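What would the 3D arrangement of this be:
(2 chains)
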Amino acid sequence: MVRAVGVNRTARRAALLLAVLAVLWGLWEGFRALGTHFNWQHPFPVNGTSMPHIHDMIWALFQHPNSSSPLLLVILLKAAAFTAKEAALGFAMGAVGGFVIGAALAHSRMLQRGFLPYVVASQTVPILAIAPMVVIWFTSPQVHAPAWIAVAVIASYLTFFPVAIATLRGLQAADHRALELMRSYAATRWTVLWKLRFPTALPYLFSALKVSATASIVGAIIGESPSSIAGGLGGAILNFAQYYTFQPQNLWATNLIAALLGIVFFLVVVAAEKIVVRSAPEHVA
Amino acid sequence: MSVVEISGVSKEFKGGTVALQDIDLAIEQGEFISLIGPSGCGKSTLLRIIGDLIEPTGGSVTVNGKSARRAREDHDYGIVFQDAVLYNWRTVAKNVALPLELAGWDRDKRRRRVEEMLDLVELRGFGEHHPWQLSGGMQQRVSIARALSFEPSLLLMDEPFGALDEMTRERLNAELLRIWQASGSTVVFVTHSIPEAVFLSTRVVVMSPRPGRISKVIPIDLQQPRTAATREEPRFFELATEVREALHLGGLVEVTA
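The predicted structure is shown next:
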């Protein structure tokens, strides 16, 4: 009985997903059909180049971009795997770094006053300005790290911030009665951190990790061009953007794969959250 | 030796509010003391000072002959708040085991004690539930089990049944008396319910506000063990009236001051 309900729910979710995709498809193709029929020039000229058919984008995945290359899907999956490696390392470094920074700031009001403004300011510096410096530092003959490591560092620059802020907030979110209870047990600061503050912070932390998971992919894609990495999704985007006028569907297909990679990262965090956080039903996002 | 010895305790908060002034009170082994008074009379503040959760600005408190701080560090008391303050990410059993975990008990000993405590508060079989699956009254029983799990000689309770409906409250009152007698501990109980204070206590300490003072200490000579019938005895009403009048006297002083 319970099982039947579960299957039913899964079926309903799948139906909802299909319905949403159908609506999005309808909007795209509908706009495109009207635009080409009435020859719209605003906000942009609507034609086969600016808005290729969705079925053409998907079809393109199973074509060879040129006669000597493998299937576009194969090229893109390889590129996605490469970018995923950079993003995963960047995500891990950003998450750990963000947590450490957040915990340090939560620990001391003085540190918070002194450093929080710079943590915030770090995010107003465009990542495009940071990326070339990171590449120069990490690929210098002295450090001699592979270029993809530099990309991971660039990705971590985008991911640490939400985690740091969420950690700071989460570690300070413990209810004051719950803290009093710990005080009544004469618990040490360390015990309070691990038995109370950290579990309280987990839901905050996972909200931030979901944001960071997708941001790490954006960071990796952006970081690939100053690192001269051609084998990732960033390289693929630059490459297909050059030939956009002739094969616009290839760039769109690349975007689809990049979006899918982001969704995969997001879902991994959601799965981890389901395992780790056992909060009250109303707290489950 | 008194379990709790309060002498000349005052508490002034930042900004000049005098929460407590010159409080003297000695609480003996096995007593059940209620602190009753209107909001702002400092009853919760006094409880927190006994538990060394806040420090008095004047006077001294000893618990079991030690400073309040030392007593807290020695785990001499358990505390129950108005909200159960259970940790939502822990099961009921793990919530009860929390103080044992902090005191370094091994797993087997913890498990056995948790079973005993859940039996005591009649929640056998709920150990693997999470707090949000329980009613308010059941949650409060879990927090009582947690407070008693390490057998403290003193139990501090800050309006523990204040958020519950009248029927649940009366049932838990009776249950608390049974637990108090079984455990032999001393209880300091903050409340603003007159029947609750009279029904539970061996002595009722009536307090008045601004500044928080003890206006009267009323011994409750109702027979033990107390039952539902106790609430219908003429003596129960007499004592309740005495407490009520002492409370209003405190209020009157405030108006003329």
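
which residues touch the residue located most distally from the centre of chain A?
When each C-alpha in chain A is compared with the mean C-alpha position (Cα atoms, centre = their mean), A:Ser184 comes out farthest, at 42.3 Å. The contact partners of A:Ser184, by Cβ atoms under 8 Å, 6 or more residues apart in numbering or on different chains, come to B:Gly51, B:Leu53, B:Arg72, B:Tyr77, B:Gly78, B:Ile79. Backbone N, C-alpha and C define where each C-beta goes, glycine included.

how much space between it and B:Arg69?
Separation of A:Ser184 from B:Arg69 (Cβ to Cβ, to the nearest Å): 12 Å.

isn't there a helix covering A:Asn66?
No - assessed by DSSP: H, G, I helix; E, B strand; the rest coil, A:Asn66 does not belong to a helix; its assignment is coil.

who's in contact with the residue of the stretch 151-257 of chain B found nearest chain A?
With Cβ to the nearest Cβ as the measure, B:Leu156 is the residue of the stretch 151-257 of chain B nearest to chain A, at 8.1 Å. By Cβ under 8 Å, 6+ apart, the residues touching B:Leu156 are B:Leu47, B:Ile50, B:Gly51, B:Tyr77, B:Gly78, B:Ile79, B:Val80, B:Val187, B:Val188.

Please apply the same query to B:Ser143.
B:Ser143 sits next to B:Val80, B:Phe81, B:Ala84, B:Val85, B:Leu86, B:Asn95, B:Pro160 when contact means Cβ under 8 Å, 6+ apart.

Test for you: state the pLDDT assigned to the first one.
The confidence metric pLDDT takes the value 94 at B:Val80.

Any idea how many residues pack against it?
By other Cβ atoms under 10 Å in any protein chain shown, the residues close to B:Val80 number 26.

and if you look at the fifth one?
Using other Cβ under 10 Å, the number of residues around B:Leu86 comes to 24.

Report the spatially closest residue to it, excluding sequence-adjacent ones.
Sequence neighbours aside, B:Pro131 is the residue nearest to B:Leu86 in space, at 4.0 Å (criterion: Cβ to Cβ, 6 or more residues apart in numbering or on different chains).

and that neighbour, what pLDDT?
Value for B:Pro131, per-residue pLDDT: 92.

Burial check on it, number of neighbours?
By the measure other Cβ under 10 Å, the count of residues near B:Pro131 is 20.

Repeat that for A:Ile263.
Close neighbours of A:Ile263, defined as other Cβ under 10 Å, add up to 13.

ranges for the helices of chain A?
Secondary structure of chain A (DSSP state H): helices located at A:2-38, A:54-60, A:72-107, A:109-122, A:127-138, A:147-171, A:176-184, A:189-192, A:198-224, A:233-242, A:248-276.

can you put those helices in CSV and add mean pLDDT?
CSV is the format used below for the helices of chain A (pLDDT from 0 to 100):
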stretch, mean pLDDT
helix A:2-38, 88
helix A:54-60, 91
helix A:72-107, 94
helix A:109-122, 90
helix A:127-138, 89
helix A:147-171, 93
helix A:176-184, 94
helix A:189-192, 92
helix A:198-224, 93
helix A:233-242, 91
helix A:248-276, 93
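
Pipe these into a markdown table and attach distance to B:Glu242 per row.
Formatted as a markdown table, these follow (distance: least, Cβ to Cβ, whole Å):
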| stretch | distance to B:Glu242 |
| --- | --- |
| helix A:2-38 | 58 |
| helix A:54-60 | 83 |
| helix A:72-107 | 51 |
| helix A:109-122 | 50 |
| helix A:127-138 | 74 |
| helix A:147-171 | 50 |
| helix A:176-184 | 33 |
| helix A:189-192 | 44 |
| helix A:198-224 | 45 |
| helix A:233-242 | 81 |
| helix A:248-276 | 56 |
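
Tell me which of those lies nearest to B:Ala174.
Of all the helices of chain A, helix A:176-184 sits nearest to B:Ala174, with 25.6 Å by Cβ to Cβ.

Which residues of chain B lie near chain A?
Residues of chain B lying near chain A by Cβ under 8 Å from any Cβ of the partner chain: B:48, B:51, B:53, B:72-73, B:75, B:77-79, B:81, B:83, B:85, B:87-89, B:98-99, B:101-103, B:130-132.

which among those end up buried?
B:48, B:51, B:53, B:72, B:75, B:77-79, B:81, B:83, B:85, B:87, B:89, B:98-99, B:102, B:130-131 (16 or more other Cβ atoms under 10 Å in any protein chain shown).

hmm, back to that, okay, among the contacts of A:Ser184, which ones form the most distant pair?
So, the contacts of A:Ser184 by Cβ to Cβ: farthest apart are B:Leu53 and B:Gly78, at 12.9 Å.

can you give me the strands for the stretch 151-257 of chain B?
B:154-158, B:186-191, B:203-208, B:213-219 (DSSP state E, counting those that start in this stretch).
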